[in-house]
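**Student:** What would the 3D arrangement of this be:
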Amino acid sequence: MSITKIEMDSPEFIAELEKTVKFTDKVVKQFNWEYNPQAEVNEGVQMGLARNKMMYNKRFCPCFMVEEVDGKPQSVDDRICPCKPAIEKEIPEGGVCHCGIFCTPEFAANKRLELGMEEAVQTHSRGLTKEECEALVNQSEIDPDELIALLEARELGMVDFKLVDVREHMEWQMGHIKGADKLVPTSSFYQSLEEAGLDKNENIIVYCHVGSRSAHVARILPDMGYTKVGNLTHGIVSYGGEKER
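**Tutor:** This is a model prediction of the structure:
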C-alpha cells in the first residue's frame, strides 16, 4: 500500500469525523454502553475510525493492522467497529473493548474512581545500572514506566535503541512519545520500513495506540531479519511520560 497522509484540519476529515462521532454515539446507545471516562482515548479511536473510513471506506478498528488481501483491504481478525469480539467477549467479560472507547457503566464508574484517586507519583526516575538497561531493552514486552526509564537512560548514553511509532501520520500529529525516532505507519508498512533505514541488529521498540498493531509488527520484524524487537505493552494511551505534537 502506498503512503497515505490525511490532514486533521482538512474539511473532508472534519466532516468524516463528525459522522464518526454520531456513529459511535449511536453504538453507545444501541448497546447500553458508556464512553471511556478518558476523553483522549475516545478522541483517538474516533479519529482512527474516521481515517480508516476515508482510506478504506470501512470503519476498521484503528487498533489493528489493515492488510491487502486479494487486492482488497482487510482488517486483522476482521475488526470492523463495533467488532464482534468486543460485543461477544471483551465487553461482557472485561467491561471494555480492546480499543478502550466502549465500556460498561460499571467499568466507567470504576475508571472514574481510579482516575480520581490516582496520584502523579512516578518512581521511574531511580537510576538504572547499565546492566539493568540492557536487560530492559532486550525484553519482548516493555511497560510504560520501563520505557520512561529507558528514554532517560538513553539521554545519559547508557543504552541505545530506536523508538518506532507504527500508528498513522495523523495520530503522530495528534501527539507522539517524546524521543520517538521514526514513524512507520502500518497502512504503508513495508515501504515506510524501508525508508526508515533501521539497522536489523539494533534494539527497536515499537508502539501504537493500545499495543495491538505494534504487537503484530513485533511478530513480523523478526521474520524479516530484525533481531531485537520489543513492544510497548498497552501502547501510548498507557504512557505517562512526556509527549509532543
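**Student:** Does residue 186 touch residue 217 like I think?
**Tutor:** Yes. Under the criterion of Cβ atoms under 8 Å, residue 186 makes contact with residue 217 at 6.7 Å. Just so you know, the C-beta spots here come from the backbone N, C-alpha and C atoms, and that holds for glycine as well.
**Student:** Give the intersection of the neighbour lists for the two.
**Tutor:** Common neighbours of residue 186 and residue 217 (criterion: Cβ atoms under 8 Å, 6 or more residues apart in numbering): 65, 166, 208.
**Student:** SS state for the nearest residue to the last one once chain neighbours are set aside?
**Tutor:** Across the structure, with Cβ to Cβ, 6 or more residues apart in numbering as the measure, the residue nearest residue 208 apart from its sequence neighbours is residue 214 (4.2 Å). Secondary structure of residue 214, reduced to three states by DSSP: H, G, I helix; E, B strand; the rest coil: helix.
**Student:** likewise residue 6?
**Tutor:** Local secondary structure at residue 6 is given as coil here, using three-state DSSP.
**Student:** ok, it to residue 56 distance?
**Tutor:** Computed as Cβ to Cβ, to the nearest Å, the residue 6 to residue 56 distance reads 12 Å.
**Student:** next one: residue 38
**Tutor:** 26 Å.
**Student:** Please apply the same query to residue 67.
**Tutor:** Here the criterion is Cβ to Cβ. By it, residue 67 lies 11 Å from residue 56.
**Student:** pLDDT value on residue 221, please?
**Tutor:** Looking at residue 221, its pLDDT stands at 97.
**Student:** contacting residues around it?
**Tutor:** Counting by Cβ under 8 Å, 6+ apart, residue 221 has contacts 204, 206, 229.
**Student:** May I see these organised as CSV, with secondary structure and pLDDT added?
**Tutor:** Formatted as CSV, these follow (DSSP: H, G, I helix; E, B strand; the rest coil; pLDDT from 0 to 100):
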residue, secondary structure, pLDDT
204, strand, 98
206, strand, 98
229, strand, 98
